[in-house]
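Enquirer: Any chance you can model this:
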Amino acid sequence: MRRTRKVKILATLGPASSSEEMIGKLFDAGADVFRINMSHTDHDGMRALVGRIRNVEERVGRPIGILADLQGPKLRVGKFKDGKEDLVVGQTFTFDDSPELGDATRVHLPHPEILTSVQAGDRLLIDDGKLELRATKCDGRSIVATVVAGSGISNRKGVSLPDTELPVGALTDKDRADLDAVLEAGVDWVALSFIQRPEDLAEARKIARGRALLMSKIEKPQAVARLAEIIDLSDSLMVARGDLGVEMPLEAVPGIQKQITRAARRAGKPVVVATQMLESMISAPVPTRAEVSDVATAVFEGADAIMLSAESAAGQYPAEAVSTMNRIAEQVEKDPTYPTIISSQRSKPEATGPDAISLAAREIAETLKLAAIVTYTASGTTGIRAARERPQVPIIALSPILNTARRLSLLWGTHCVVSPDASDLDDMVNRACRIAHQEQFGKPGDRIIITAGVPLRTPGATNMLRIAYIEGSAADGA
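Expert: Numbering: from 1, shown residues only. Reported below is the predicted structural model:
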């Protein structure tokens with residue numbers, strides 16, 4: 001089954017979509033990669049979902065990627081005597097290290113790293129920004145703050161600190177246990193939450209040891225400020241607009257989304273746009289016009305993937321949400337302005353042989369109107385380079401390694417096929433032509449362009465271009 005669009009769809013699994021039957025329906029509707037949110041999934045549940053996804057993969061005969069999203073550090077206030085309190089703008093309120101139940105003047109903050117890091121003038125946002133306070137006095141054991149906006153606070157509400165960099169890593173003890181479990185289960189991507197600095201990736205990369213690729217979720221101002229460094233150390237990025245919209249002004253988020261998307265594209269790193277894309281479809285069978293425009297904007301920007309969260313995980317219409325996103329993406333990519341917008345954002349390739357080959361393959365394929373670019377890739381880097389070029393023709397990534405094909409299922413415009421290594425150059429050309437025909441990208445008489453490394457089976461050594469005709473004998477499997 002080939003897609004007729006280039007952008008990929010990432011669907012989150014949850015109570016509404018945890019059965020193998022529904023996972024199959026989501027794939028048939030257009031989902032290319034599935035997300036497992038470890039904030040709401042235990043290890044047994046995660047392993048069950050992975051098994052069901054792999055069963056669907058075997059049925060459809062196409063590699064399917066799995067993304068495990070780690071929870072990250074969750075910062076919350078303590079509890080109140082009456083469960084909640086009403087505050088008044090202008091009043092003083094204190095966060096401290098006393099475990100006593102809170103009242104209208106103070107509450108326990110069970111995070112010493114916050115108490116020692118917040119400085120006078122820093123903002124504290126409670127419950128996704130519904131309550132905003134500004135610190136006036138900090139002594140390492142308490143934070144005295146003034147209520148700026150909002151009026152209510154209650155048990156265990158989340159705390160966001162847009163002005164404060166905390167001296168803690170992105171992995172909690174829960175994340176470390178979850179990371180070990182998802183790696184053992186064989187997921188393809190791991191998303192790291194609440195990244196603040198490039199160093200936050202170091203521990204996860206050491207634990208992963210190449211068993212999965214790392215996706216940095218950009219959802220804090222500190223990460224935006226050090227975006228270039230984080231991109232360098234990441235395998236991919238996610239524009240996590242939910243928390244980003246809490247910690248930064250809402251009106252700044254669209255511009256930041258474009259900055260992150262374009263920076264990732266320049267670096268040749270896959271980028272996912274996420275959160276509230278079709279939010280109303282949690283409870284309605286159709287989205288709002290604004291949501292349709294939001295999805296379209298991400299597609300026009302050339303994002304590798306667009307993501308559904310609660311819409312597919314807990315909504316009433318999970319398959320319809322995927323189908324709707326699929327139709328929007330297909331229509332955008334048919335728009336006459338789409339190729340121009342995509343090509344205008346291309347960046348210069350790096351000064352390496354493989355990058356030059358990928359650039360040349362794209363230019364030749366578009367100039368000669370070839371049926372497809374077929375790239376042989378064992379590690380996945382050649383496929384990533386091909387996708388970075390955003391060619392107007394489809395990319396067929398052939399890999400002898402199933403895990404590589406699963407990882408590449410997240411990439412823009414890339415159709416992944418698991419195929420044994422070619423025995424020689426003639427076999428390589430025949431195999432590429434045969435698969436291009438079998439996967440419905442070309443017919444006898446069409447031409448394709450092939451990129452590969454010579455000698456064969458040399459990882460990262462892409463140095464060859466070959467134009468080939470799809471002949472009747474190759475198409476028939478000869």
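
Enquirer: How is the closest residue to Gly413 other than its chain neighbours classified with respect to secondary structure?
Expert: Spatially, and ignoring its direct neighbours in sequence, Gly413 is nearest to Lys6 (3.8 Å; C-beta to C-beta, 6 or more residues apart in numbering). Placement of C-beta: from N, CA and C, glycine included. For Lys6, the assignment made with DSSP: H, G, I helix; E, B strand; the rest coil gives coil.

Enquirer: where's Ser309 relative to Asp86, distance?
Expert: To Asp86, Ser309 is 31 Å away according to C-beta to C-beta, to the nearest Å.

Enquirer: whoops, I mixed them up, Ile449
Expert: Taken as C-beta to C-beta, the span from Ile449 to Asp86 is 67 Å.

Enquirer: Looking at these two, which is more packed in?
Expert: The residue with more neighbours, out of Ile449 and Asp86, is Ile449; 24 against 9, by other C-beta atoms under 10 Å.

Enquirer: That one: what's it in contact with?
Expert: 361, 364-365, 368, 370, 372-374, 465-468 (C-beta atoms under 8 Å, 6 or more residues apart in numbering).

Enquirer: which of those are buried?
Expert: Among the contacts of Ile449, those classed as buried by 16 or more other C-beta atoms under 10 Å are 361, 364-365, 370, 372-374, 466, 468.

Enquirer: Filter those down to the ones in helices?
Expert: Cross-referencing the buried ones among the contacts of Ile449 against helices under DSSP state H gives 361, 364-365.

Enquirer: Relative to Pro394, which of those residues is nearest.
Expert: Top of the list for closeness to Pro394, among these and by C-beta to C-beta, is Ala365 at 9.4 Å.

Enquirer: In contact with the closest one, which residues?
Expert: With contacts taken as C-beta under 8 Å, 6+ apart, Ala365 has the following neighbours: 372-373, 391-393, 449.

Enquirer: From what I see, Met238 and Val271 are in contact.
Expert: Yes: counting by C-beta atoms under 8 Å, Val271 is a contact partner of Met238 at 7.4 Å.

Enquirer: these two touch, right, Tyr469 and Asp446?
Expert: Yes: using C-beta under 8 Å, Tyr469 is in contact with Asp446, at 7.4 Å.

Enquirer: For Ala48, I want the exact helix or strand it lies within.
Expert: helix 43-60 (DSSP states H and E).

Enquirer: Can you name the element that comes right after that helix?
Expert: strand 65-69.

Enquirer: Name every sheet partner of that next one and say whether each one runs parallel or antiparallel.
Expert: strand 33-37 (parallel), strand 189-192 (parallel) (DSSP bridges).

Enquirer: how far away is the spatially closest residue to Thr288 that is not a sequence neighbour from Val295?
Expert: Ranked by C-beta to C-beta, 6+ apart and with sequence neighbours excluded, the top spatial neighbour of Thr288 is Ser280, at 5.2 Å. Distance of Ser280 to Val295, computed by C-beta to C-beta: 12 Å.

Enquirer: next one: Arg466
Expert: Distance of Arg466 to Val295, computed by C-beta to C-beta: 38 Å.

Enquirer: Then Pro287?
Expert: Going from Pro287 to Val295 by C-beta to C-beta gives 8 Å.

Enquirer: list residues touching both of these two?
Expert: With C-beta under 8 Å, 6+ apart as the test, Pro287 and Val295 both reach Leu278.

Enquirer: low-confidence ranges in this protein?
Expert: Along the chain, the model assigns pLDDT under 70 to residues 1, 456-460, 473-478.

Enquirer: Give me the domain ranges for it.
Expert: 8-72+170-334, 84-160, 353-475 (automatic domain parsing).
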